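**Student:** show me how the following folds:
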Amino acid sequence: METQLHSFYTWALAKYGVKAGRAAGIAGAVGAAISDVPAFIATAYYIGPVYLRDGWSSMDTEAVLSAIYFTGPFGATGSALHSIVPVAVLLGAYRIFGFGRHDVRRIFLWFLLGWLGHTVVDFLTHVDDGRPLFWPFSDWMWSSPVSYYDSDYYGREFSLISNGAAVALMALPLVRRVVRRWRKKSGGGL
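**Tutor:** Below you'll find the predicted structure:
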């Protein structure tokens, strides 16, 4: 799934789904995006200078993508942040050591839940470009039958559903507001 949708859905779940509050929603959105930060930095690192110097035609796209996501200096960090291992350890520590007592607004919890959600959704929506789920203990990767972008693996349908649902969720507060105003003007009845 695209990074902004990971963040949006986590924010919406925290703020409107379980009503955890604004701060929890923001923390969840940041946690949901954190896994992709190494790829953003690597993209600037690899593509920026080459593009500015030589233009797109000089790039070996496959080699650049491999360096950004897997083989370059940011690849291991990206794998760690897409692994369930570190986030599961932190969630376990949160529970075992009672960090919730100090996390009154559940900001750290929602950060971790956003991170976990990103990892799980990516596991379910990457066909041939996934990350090892149990890295560094295992390099095992699952090839999902659904891709968030590849039309050969329902990418078009997934994109329509995920983006359409996001638009619907964004429109919902506006629709509620319009309905409330209409009811208020018409005397409360339908």
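**Student:** use CA for all of it now, contacts and neighbours both
**Tutor:** OK.
**Student:** which strands and helices lie in contact with the longest helix anywhere in the chain?
**Tutor:** Ordering each helix of the chain by length in residues (DSSP state H) puts helix 155-186 first. When contacts are defined as 3 or more CA pairs under 8 Å, 6 or more residues apart in numbering; DSSP states H and E, helix 155-186 sits against helix 3-12.
**Student:** for the helix it packs on, what is the average pLDDT?
**Tutor:** Averaged across helix 3-12, pLDDT comes to 96.
**Student:** elements contacting it?
**Tutor:** If you count contacts as 3+ CA pairs under 8 Å, 6+ apart, helix 3-12 packs onto helix 22-34, helix 107-124, helix 155-186.
**Student:** list the buried residues of it.
**Tutor:** Residues of helix 3-12 classed as buried: 3, 5, 6, 7, 8, 9, 10, 11, 12 (neighbour count, 16 or more other CA atoms under 10 Å).
**Student:** now do stretch 116-124
**Tutor:** In stretch 116-124, counting by 16+ other CA under 10 Å, buried: 116, 117, 118, 119, 122, 123, 124.
**Student:** so who does the last one touch?
**Tutor:** Taking CA atoms under 8 Å, 6 or more residues apart in numbering, we find residue 124 in contact with 144, 146.
**Student:** now do the SS call for residue 128.
**Tutor:** What DSSP: H, G, I helix; E, B strand; the rest coil gives for residue 128 is coil.
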